[in-house]
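Participant: Following is a predicted model, sequence given first.
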Amino acid sequence: MILSDFSHYWLNNAHCPPCFLPPQFASKPTEEGFCQVNLEIKQGKIQQILPATESGLLPNTISSWDLKKRIILPCFVDIHTHLDKGHISRRTPNLLGTFAEAVKIIREDCREFWQAEDLYRRMEFGLKCSYAHGTQAIRTHLDVIEQQYNITFEVFKTLQKEWKNQIFLQPSSLFPVENFLTEEGVKIADEVAELGGILGAVVYPHREVDRQLDRMFELAMERGLDVDFHVDETDDPQSQCLLQVAEAVLRRSFSGRVLCGHCCSLAVQSPAVAQRTMEAVQRAGIAVVSLPMCNLYLQGREGGKTPRWRGVTLVHELKGQGIPVLFASDNCRDPFFAFGDHDVLEVFNQSVRIAQLNPNYSDWIESVTTAPAQVMGLGEQGGLKPGAGADLIIFRARYWEELLSRSQRDRIVLRQGQPIDTTLPDYEELDDLKRLPGTPHPLVGGDERPVNQAVQCRAD
């Protein structure tokens, strides 16, 4: 960046999507769908925004940078992640690549390795990546497996405190919904409330799912908690948990925020069933987050066969129904998804391709910025308006096609108006993560250096 003083400066001739700007700009986009504006940044906040045509009114005594139509976006909000699972695919790879195998491997890895140091290092690595890429807020699901969650929750609290000035971290439990019928479920609800988190669960088809959901909503209402569900991550059209969640919200008159993730089976149900579900979701005020990269990777996988479907939910139809539709990272370098770098631009880029969001990019960019911020209870965080924090990403790209055709690794990230170091952490930081003693890596073979026995997650 060519400025020397970041306490007070102008960013001139920037391309901004109109959805992020004050209403007076909405009627003046360019033919490419951007507004060309000048932003005054003062003491870490956006002081004012002017049309670029009014550049002659700007005082020439203040530092300025001519962006020449480079795109500016607000920093990202990643509303569905699994930081506790991240970066274990090298030590515990999912060689079958199936959902069932991923569940099995996660439990095995947890029981062997998820002690505090292991969790801290992997979760911190994910946060370093997210921050460097320009993410300002994250909701992470935290697995509740046996008594191991006590370790995870403590590690999360440490990271939440250490990163409070860089990334807003919001926890959500990941717990089978039927377990909320037990005393352990009450304890988990209390723990989540103490964390200031979201009561989260996985919902599977079950003859008593209505009773399970009613109890979870009862616990959430008693504690004033929002809720977050993993639902219908399958290509089975008989899986209609999204509909059952919506009916439970309406039945219980639940007034908190509700987010449902995956919702894959909606795409393989009959038009009538899907429409009935979407109408109920809209009435219940539920938001839906799609995780295209992970679901494309997992869904329809049969060894030696080409997958026949994309695994994504009906994002266009849901949005057309007036339902907030979001996109997020989901898993990163773990048995559920072997790739990823906590880069929400990559998430949006791949979502455009997988779900065919083009050419209406400006209609969808809120799905990884302001829309998830609202669902996380962060208000209008992420918009570009006077008085807002100057948490911005400046890309070299000038148009959508340029933005989505290259990696944009040379982006400039501003936090409170100051450029941050966008150097990504080196994978070498995780090279000494423990594996089972004497166990060769399944993909490369050979002997590994001896390591000490890992602390298991089971309670004594």
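Facilitator: On my side now, so go ahead. Numbering: from 1, shown residues only.
Participant: only C-alpha atoms for contact and neighbour calcs from this point on.
Facilitator: Will do.
Participant: Centre of the chain to the helix or strand hosting Ser362, how far?
Facilitator: Here Ser362, judged by DSSP states H and E, is contained in helix 361-364. In this view, helix 361-364 has its centroid 18 Å away from the chain centroid, taken as CA atoms, centre = their mean, to the nearest Å.
Participant: what pLDDT, on average, does stretch 337-348 get?
Facilitator: Taken as a whole, stretch 337-348 has an average pLDDT of 98.
Participant: what pLDDT does the spatially most central residue of the chain get?
Facilitator: Centroid-nearest residue in the chain, with CA atoms, centre = their mean: Asp78, separated by 2.8 Å. pLDDT recorded at Asp78 is 98.
Participant: list the contacts for the nearest residue to it once chain neighbours are set aside?
Facilitator: Spatial nearest neighbour of Asp78, chain neighbours left out: Ile138 (4.8 Å); criterion: CA to CA, 6 or more residues apart in numbering. Ile138 makes contact with 77-81, 167-170, according to CA atoms under 8 Å, 6 or more residues apart in numbering.
Participant: Let's see that with 6 Å instead.
Facilitator: Applying CA atoms under 6 Å, 6 or more residues apart in numbering to Ile138 gives the contacts 78-79, 169.
Participant: Of those residues, which is the nearest to Cys241?
Facilitator: Ile79 (20.4 Å; CA to CA).
Participant: What strand or helix carries that closest one?
Facilitator: With DSSP H and E as criterion, Ile79 is part of strand 76-81.
Participant: contact partners of that strand?
Facilitator: 135-140, 328-331, 368-369.
Participant: Recalculate using a threshold of 7 Å.
Facilitator: Under the criterion CA atoms under 7 Å, 6 or more residues apart in numbering, residues 134-141, 328-331, 344, 368-369, 372-373 lie in contact with strand 76-81.
Participant: from those residues, which ones fall inside strands?
Facilitator: Applying DSSP state E to the contacts of strand 76-81, the entries found in strands are 135-141.
Participant: Among these, which one has the most neighbours?
Facilitator: Thr135 (29 neighbours; other CA atoms under 10 Å).
Participant: From Leu142, how far out is it?
Facilitator: Using CA to CA, to the nearest Å, Thr135 is found at 19 Å from Leu142.
Participant: Then Ile71?
Facilitator: 35 Å.
Participant: and if you look at Thr313?
Facilitator: In terms of CA to CA, Thr313 sits 24 Å off from Leu142.
Participant: And the two? Which one has more around it.
Facilitator: Neighbour totals were compared for Thr313 and Leu142, and Thr313 leads with 25 against 21 (other CA under 10 Å).
Participant: Surely the more buried one touches Ala267?
Facilitator: Yes - counting by CA atoms under 7 Å, Thr313 does reach Ala267; the two are 5.2 Å apart.
Participant: What residues sit buried inside the helix holding Ser362?
Facilitator: Residues 362, 364 are the ones in helix 361-364 that count as buried (16 or more other CA atoms under 10 Å).
Participant: Which residues does the host helix or strand of Gln48 contact?
Facilitator: Per DSSP H and E: Gln48 is located in strand 45-51. Applying CA under 7 Å, 6+ apart, the external contacts of strand 45-51 come out as 36-41, 385-390, 416-417.
Participant: neighbour-wise, which of those residues leads?
Facilitator: Going by other CA under 10 Å, Ala390 tops the contacts of strand 45-51 with 28 neighbours.
Participant: So that residue sits against Arg415, correct?
Facilitator: Yes - contact criterion CA under 7 Å: Ala390 and Arg415 qualify, at 6.2 Å.
Participant: Send me stretch 363-371 as CSV with only the CA atoms.
Facilitator: Extracted C-alpha coordinates of stretch 363-371, given in CSV (Å, rounded to 0.1, in the frame of the first residue of the first chain):
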residue,chain,number,x,y,z
ASP,A,363,-27.2,-10.4,-5.3
TRP,A,364,-25.1,-13.1,-3.6
ILE,A,365,-22.0,-11.5,-2.1
GLU,A,366,-24.0,-10.6,1.0
SER,A,367,-24.2,-14.4,1.7
VAL,A,368,-20.7,-14.4,3.0
THR,A,369,-20.6,-10.9,4.6
THR,A,370,-23.6,-8.9,6.0
ALA,A,371,-26.2,-11.7,5.9
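Participant: Same question for it: list its buried residues.
Facilitator: For stretch 363-371, by 16+ other CA under 10 Å, it's 364-371.
Participant: Quick check: mean pLDDT of that stretch?
Facilitator: On average, stretch 363-371 scores 96.
Participant: ok, now stretch 127-139?
Facilitator: pLDDT averaged over stretch 127-139 gives 98.
Participant: any idea which of the ones in strands among the contacts of strand 76-81 is closest to Glu402?
Facilitator: Thr135 (20.6 Å).
Participant: Pull the residues that contact the helix or strand following the strand holding Gln48.
Facilitator: On the C-terminal side of strand 45-51, the nearest following helix or strand under DSSP H and E is strand 63-66. Applying CA under 7 Å, 6+ apart, the external contacts of strand 63-66 come out as 3, 9-13.
Participant: and the helix or strand that strand 63-66 is followed by, which strands flank it?
Facilitator: Beyond strand 63-66 in the direction of the C-terminus, DSSP H and E gives the next helix or strand as strand 72-74. Its sheet considered, strand 72-74 pairs with strand 392-394 (antiparallel) by DSSP bridges.
Participant: quick revisit: centre of the chain to the strand holding Gln48, how far?
Facilitator: 28 Å.
Participant: Dump that strand to CSV, keeping only the CA atoms.
Facilitator: Taking Å, rounded to 0.1, in the frame of the first residue of the first chain, the C-alpha atoms of strand 45-51 are listed here in CSV:
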residue,chain,number,x,y,z
LYS,A,45,-13.7,4.2,10.8
ILE,A,46,-15.4,5.1,7.6
GLN,A,47,-15.8,8.9,7.9
GLN,A,48,-17.8,9.5,4.7
ILE,A,49,-18.5,8.0,1.3
LEU,A,50,-18.8,10.1,-1.9
PRO,A,51,-19.5,9.3,-5.5
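Participant: Mind checking the pLDDT average for it?
Facilitator: The model assigns strand 45-51 a mean pLDDT of 94.
Participant: now the contacts of Ile138 in a markdown table, with distance to Trp114?
Facilitator: Formatted as a markdown table, the contacts of Ile138 follow (distance: CA to CA, whole Å):
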| residue | distance to Trp114 |
| --- | --- |
| Asp78 | 23 |
| Ile79 | 23 |
| Leu169 | 20 |
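Participant: Looking at the residues you listed, which one is closest to Phe254?
Facilitator: Ile79 (20.9 Å).
Participant: The closest one - how many residues pack around it?
Facilitator: 28.
Participant: Excluding covalently adjacent residues, which one is nearest to it?
Facilitator: Nearest residue to Ile79, sequence neighbours excluded (CA to CA, 6+ apart): Arg139, at 4.7 Å.
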